[in-house]
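following is a predicted model, sequence given first.
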Amino acid sequence: MTATAFPTRPATGRSAAWNRLGERLAARAERIANAAVTPLVPADYLDLFHPLRAGADLRARIVSVHPETRDAATIVLKPGRDWAGHVPGQYIRIGIDVDGVRQWRAYSLTHGPRPDGLISITVKAVPDGIVSNHLVHRAKPGTLVHLEQAQGEFVLPPDLAGHKLLFVTAGSGVTPVIGMLRNLFPVTDEGVVGLDKLDPRKGALDIVCVHIAPSRPDSIFLRNLEELGRAGAIDLVARYDDQHGVLDVDVLGELVPDLAERTTYACGPAGLLDALAAHHETNGLGLFTEQFRASTVVVGDGGTVRFEAGGLEIETDAATPILDAAEEAGVLMPSGCRMGICFGCVLPLKEGAVRDLRSGDLIVANPGESDGIQIQTCISAAAGACVIDH
Amino acid sequence: MTIVNEPSLETTDSPIAHLSREDIEAIGEELDAIRAEVIASRGERDAAYIHRVIKTQRYLELGSRAVLLGSMFPPAFIAGTVGLSVAKILDNMEIGHNILHGQWDWMRDPKIHSTTWDWDNAATAEGWKKAHNEEHHTYTNIVGMDNDLGWGLVRVDEEQQWTPRCLIQPALNFVNMLIFQYGIAAYDLKLGDNLRVPKEERSEEFKRQLQGTLTKIRKQATKDYVVHPLLSGPSFATTFAANAIANLVRNVWSHAVIMCGHFPEGVATFELDELPENETRGDWYLRQMIGSANISGSKAMHIMTGNLSHQIEHHIWPDLPSNRYAEVAPRVQAIFEKYGLRYHSAPLPAQVYSAWHKTVRLAFPNGWWETTTKRNLPSQLRLVGKIVKAKGKNRLRMLKELEARAAAR
């Protein structure tokens, strides 16, 4: 706490002196506490008693688990004192021990800020999903989880009531939009829940989603989108190049007659986003965008990855993300969504080349030229011998 | 191969001479299968175990130190000292040693990981991991390559050259026992070797590690001998004493346990030129199996020794979670029996006695004890005096003669 917390009271000479004394005493107390518990730190002991206190690593305690359907549940969490709040549409990264192993995943927050200060995520158990199955079927109230502050720029307005929205998604750009829509309408095996948000008495939400792709892909996300469309949660307008021809953004007004009344959220490759930006600017329309790249590409290489700090060297193939290979070898890796969205896994590549598994692009770091290129290890595979600063 | 007090097998004294190449590879495969099974079943139960041990240690240390604030009262002094001693032993053995081995790295918990952990010991985590994990566990019991064979302080094998300094090795080892944490720190730094290098020629790496160790020692000593005594106010002197006793108890205990791992009589050591040129997994396992000794005892004993009471299992698989050693021990023992190998296990007092027996026995040249009787003791002692005074080739010749005399008996 510093004097700036009380801006209305000008610091007199006397109170400033007291403040300085207080700070000096606090600093000294901290030094003594550190000296008394070395090589541990005082937090190691405080965590035994109050893991959610201010100043602790951010954690949360599971307050309750509400089954939504057979395969989905809403997890209500009490975050630690230092939780800074969130905006709907943002996501959090949660670290939870499953079978004794710390696993980090990103989940969108399901609700706006709540008066009780709790937060919640709705999770659907996906086949073979280590964390989602654990959260839905086995998570118990009282369990401590690790947390990071809410992230994400691509957010919905705080008060959704009465809003008319347009989502434009291209290819796997549908992913974050699915995240947002799942927030609003969790998709479960028993159908879509949360449809009460469409109730006119509660200020009817009105959503159109224009989805663009070269052809109709068979992806879980598209099936989710179609399911949301069938349930009436959204109006889905699918445009496939092979059936409908390549989309010209100028015809968007024909596809969505009330375009002018809607706020647009678009996610896709740069070309589409640039065209949309020009179109919306000309027509004076609101636009929020997030760039997202295409599906996974595996180009034949693979190679060795050396972790500079740990001195460990591992062999990986061209299809395995560096993150997976390193964890398999016992390296402590930062991680997050594991799909290239959250940037929780970024590490500097000092030397060598990696390939972006989504685009097939080669990322090359020449030794000595820079402090290393930041790579997302969850969607990068080695392309030759690499050195990572970790 | 040197085996002492071991009945010789057939025509040779090697305990593995009866094994065929196929046997050795089969041992390797059987052990690999057990390892794979344990790794596949690592999970929540194991994680809960280490979390519980760490939590217990922290509560115990916190509670003991709180009690010691009033250590001027004898009951508080006794309870606090006992508690702190146990806490320090838990920290070093079951927690520190095993986490630094990477036994818990699979949990991906950044707070319980070999790359981030540090222990309540003068030796730095970094130095210890290099000297212990990389060198000792790789070159286990190879004379001249494994510095753990007597730590360069004690002659623990007939094949190690006898020098006059060996005569005082029981005393040296006793002092080492009392200050064991500093002994390990010095050992990890290869202090003896490095101090023989002229100051200006010492490597930057050594200087950095020395600085790290000195900083660690200063912090550790400040904690135990300044901060906590000062916090105790009028109990300053007694808290100081309690910390000194707890460190001493931990030193003596860990020294005893570690001596039991490889020094008892009958544990095999190896000559580099006797080992197969391309040691296979099976060969390597075999070296660990007959080069280690266990301590039998209760569950509490296993935890207090950091499960180094299962030294054999630990040396076979240094990176398996320590709570699993006891579980696989019967299967490991069955493999020893199946292949006619000696599973070296005895209670703590017997193993400690055996290790000290060897320390005293090998303080004298090879063949000395065998040729000594009560009657010729004075002349035998004079002989030792002569050997000490002799130089170079002369001394070697006299040592050889003594060995030959013993062999001729």
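Arrived safely, thanks for sending.

for the one residue in the stretch 51-200 of chain A that gets nearest to chain B, give me the pLDDT.
Closest approach between the stretch 51-200 of chain A and chain B, counting by C-beta to the nearest C-beta: residue A:100, at 3.1 Å. For glycine as for every other residue, the C-beta is placed from the backbone atoms N, C-alpha and C. pLDDT for residue A:100: 95.

so what's it closest to, chain neighbours aside?
residue B:47 (3.1 Å; C-beta to C-beta, 6 or more residues apart in numbering or on different chains).

count of residues packed around the one you found?
Burial of residue B:47 is recorded as 22 neighbouring residues (other C-beta atoms under 10 Å in any protein chain shown).

nearest residue to the one residue in the stretch 201-350 of chain A that gets nearest to chain B other than its sequence neighbours?
Closest contact between the stretch 201-350 of chain A and chain B, by C-beta to the nearest C-beta, is at residue A:330 (4.6 Å). Ranked by C-beta to C-beta, 6+ apart and with sequence neighbours excluded, the top spatial neighbour of residue A:330 is residue B:105, at 4.6 Å.

near chain B, which residues of the stretch 251-390 of chain A are found?
The stretch 251-390 of chain A has residues A:309-310, A:327, A:330, A:332-333 near chain B, with proximity defined as C-beta under 8 Å from any C-beta of the partner chain.

which members of those are the farthest-apart pair?
Longest distance between any two of these is 16.0 Å, between A:309 and A:327; criterion C-beta to C-beta.

have a look at these two and say which one is more surrounded.
residue A:327 (19 against 10).

how about low-confidence regions in the stretch 1-150 of chain A?
Applying pLDDT under 70 to the stretch 1-150 of chain A flags the ranges A:1-12, A:89, A:110-112.

need the strands for it, in chain order.
Remark: strands assigned in the stretch 1-150 of chain A by DSSP state E, counting those that start in this stretch are A:59-69, A:72-79, A:91-98, A:101-108, A:119-124, A:144-147.

which strands or helices does the longest one pack on?
Same thing as strand A:59-69. strand A:72-79, strand A:144-147 (3 or more C-beta pairs under 8 Å, 6 or more residues apart in numbering or on different chains; DSSP states H and E).

what does the stretch 151-300 of chain B put close to chain A?
Checking the stretch 151-300 of chain B against chain A by C-beta under 8 Å from any C-beta, the hits are B:216, B:219-220, B:222-223, B:226-228, B:231.

so which of the residues you listed are in strands?
Judged by DSSP state E, these include no members of strands.

among these, which pair sits farthest apart?
Checking these with C-beta to C-beta, the most distant pair is B:216 and B:231, at 21.2 Å.

so for these two, which sits in the more crowded spot?
residue B:216 (22 against 16).

I'd say the more buried one and residue B:119 touch.
No: between residue B:216 and residue B:119 there is no contact, the gap being 9.9 Å when judged by C-beta atoms under 8 Å.

joint contacts of those two?
residue A:39 (C-beta atoms under 8 Å, 6 or more residues apart in numbering or on different chains).

mind checking how far the residue in the stretch 251-400 of chain B positioned nearest to chain A is from residue A:74?
Using C-beta to the nearest C-beta, the closest approach of the stretch 251-400 of chain B to chain A is made by residue B:319 at 8.5 Å. Noted for residue B:319: a distance of 40 Å to residue A:74, by C-beta to C-beta, to the nearest Å.

before we move on, the earlier item: just name the most buried of the helices and strands packed on strand A:59-69.
strand A:72-79 (a mean of 21; mean count of other C-beta atoms under 10 Å in any protein chain shown).

now the helices and strands packed on strand A:59-69 as TSV including distance to residue A:270?
As requested, the helices and strands packed on strand A:59-69 are exported to TSV (distance: least, C-beta to C-beta, whole Å):
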stretch	distance to residue A:270
strand A:72-79	34
strand A:144-147	32
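
any chance of those strands in JSON lines, plus distance to chain B?
Shown next, in JSON lines, are those (distance: least, C-beta to the nearest C-beta, whole Å):
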{"stretch": "strand A:72-79", "distance to chain B": "19"}
{"stretch": "strand A:144-147", "distance to chain B": "9"}
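
give the bridge partners for the residue lying closest to residue A:124 once chain neighbours are set aside, please.
Closest residue in space to residue A:124, ignoring its immediate chain neighbours: residue A:72 at 4.4 Å, by C-beta to C-beta, 6+ apart. Taking DSSP bridges as the rule, residue A:72 bridges to residue A:69, residue A:124.

what about residue A:262, neighbour count?
18.

also residue B:376?
Neighbours of residue B:376 (other C-beta under 10 Å): 12.
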